[in-house]
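A structural model of the following input is requested.
(one chain, ligands or ions: 2)
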Amino acid sequence: MSETNHLSPGAKFRAALTANQPLQIVGTINAYCAMMAKQLGHQAIYLSGGGVANASYGLPDLGMTSLNDVVADVQRITAACDLPLMVDIDTGWGGAFNIAKTIRDMEKAGAAAVHIEDQVAQKRCGHRPNKEIVSQGEMVDRIKAAVDARTDKDFFIMARTDAFAQEGLEKALERAKAYVAAGADGIFAEAVQTEEHYRAFAEALDVPILANITEFGKTELWNAKQLGEWGCAMVLYPLSAFRAMNKAAELVYQTILKDGDQKAVVDNMQTRMDLYDYLGYHDYEQKLDSLFAQGKNK
Ligand SMILES: C[C@](O)(C(=O)O)[C@H](CC(=O)O)C(=O)O
Ligand SMILES: [Mg+2]
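Numbers count the residues shown, from 1 in each chain. Ligands and ions are numbered 1, 2, ... in the order given. Next comes the predicted model:
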């Protein structure tokens, strides 16, 4: 994306959205994953709220992490990777002034986009039962506060509605329309399930729609091409790599205990050379040898 390097993160995100239909957005739980995603050709990356809670704090996705917890992970990722980063800001961490601060802190940390949802502060994963949502009016105020606070007009503010599970399609569409009228740049239609649902969102709204293709949830693992045909502009894979990393780590830990060595699982590991390649390790080492290590022989 070197031709877009002069752009703000938000403008980069919008350029990626225009250039890819749909835009695939992959979860990168840490800086190194972000570097791998970029070098493998991805155009946009994501920091999952559930992921920050689970991976960085060992907590469930129940609204227990704070703004600062998430900002710390955003900063690590944006320092290492210049792909546009979308961040899950849950419910925005408070009232209008808190949400405004959240948006400003996200911009300063180098995020390109956020999504803010209409669940109550004591939120749950969108694919779990018994979610509770705030009134449409309260969510409209959240969006107004967010939009008003951004300093870069290209910073992308997406409204996520969790209403489908509680209130059904018609109500969820009505909410989504109100959120767009309040200034939302896109709609995250959480936990909808069928072609009919995605098409209904895409047809009712003239902003980009995001499909959350998270595993072991309520949504089938629809293909990106198919979702694009149904009108989705973005396809999110929030925790896919994280789940795979966990499974690999589990196997390694078990094998070391069981076998007394790790020989049986070495093929499941990234090699030292591949690790170094993604890091650009050899460039650092060369610099060390050619520049900084000169003095030691004198
Ligand atoms: C997208 C999401 O908000 C997240 O935090 O990654 C989660 C994903 C998941 O739990 O599978 C959600 O859909 O609520
Ligand atoms: Mg989340």
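
In three-state terms, label residue 25 for me.
Three-state call for residue 25 (DSSP: H, G, I helix; E, B strand; the rest coil): strand.

number of nearby residues for it?
Residues lying near residue 25 (other CB atoms under 10 Å) number 28. Heads up, the C-betas are built off the backbone N, CA and C, glycines and all.

and what of residue 162?
27.

the helices in this protein, which residues?
Secondary structure of the chain (DSSP state H): helices at 9-19, 31-39, 49-51, 57, 67-80, 96-108, 136-149, 163-181, 195-204, 224-229, 240-259, 272-279, 281-287.

which residues touch the shortest one?
Going back to what we said before, that points to helix 57. 64, 65, 69 (CB atoms under 8 Å, 6 or more residues apart in numbering).

re the thing from before, between the helices of the chain, which one is closest to residue 114.
Closest to residue 114 of the helices of the chain is helix 96-108 (CB to CB; 5.5 Å).

quick one: buried residues of that closest one?
For helix 96-108, a neighbour-count test (16 or more other CB atoms under 10 Å) marks 99, 100, 101, 102, 103, 105, 106, 107 as buried.

quick one: that helix to helix 9-19, angle?
Going by axes from the mean of the first three to the mean of the last three CA atoms, to 10 degrees, helix 96-108 is angled at 80 degrees with respect to helix 9-19.

name the helices or strands packed onto helix 96-108?
helix 67-80, strand 113-117, helix 136-149 (3 or more CB pairs under 8 Å, 6 or more residues apart in numbering; DSSP states H and E).

Where does the stretch 51-200 of the chain get nearest to ligand 2, residue-wise?
Going by CB to the ion, ligand 2 is nearest to residue 88 of the stretch 51-200 of the chain, at 4.3 Å.

so who does that residue touch?
Residue 88 neighbours (CB under 8 Å, 6+ apart): 46, 47, 48, 49, 50, 52, 70, 114, 115, 238.

Around ligand 2, which positions in the chain sit nearby?
Within reach of ligand 2 by CB under 5 Å from the ion, the chain has these residues: 49, 50, 88.

again, only using 6 Å
Residues of the chain lying close to ligand 2 by CB under 6 Å from the ion are 48, 49, 50, 61, 88.

Specify the beta-bridge partners of the last one.
This means residue 88. residue 115 (DSSP bridges).

tell me the pLDDT at the closest residue to residue 111 other than its chain neighbours?
The shortest distance from residue 111 to any non-neighbouring residue, by CB to CB, 6 or more residues apart in numbering, is to residue 87 (4.6 Å). Looking at residue 87, its pLDDT is 99.

check contacts around residue 87.
With contact set as CB under 8 Å, 6+ apart, residue 87 has these partners: 46, 47, 70, 74, 106, 111, 113, 114, 115.

How about residue 142?
Residue 142 neighbours (CB under 8 Å, 6+ apart): 91, 92, 96, 99, 116, 118, 134.
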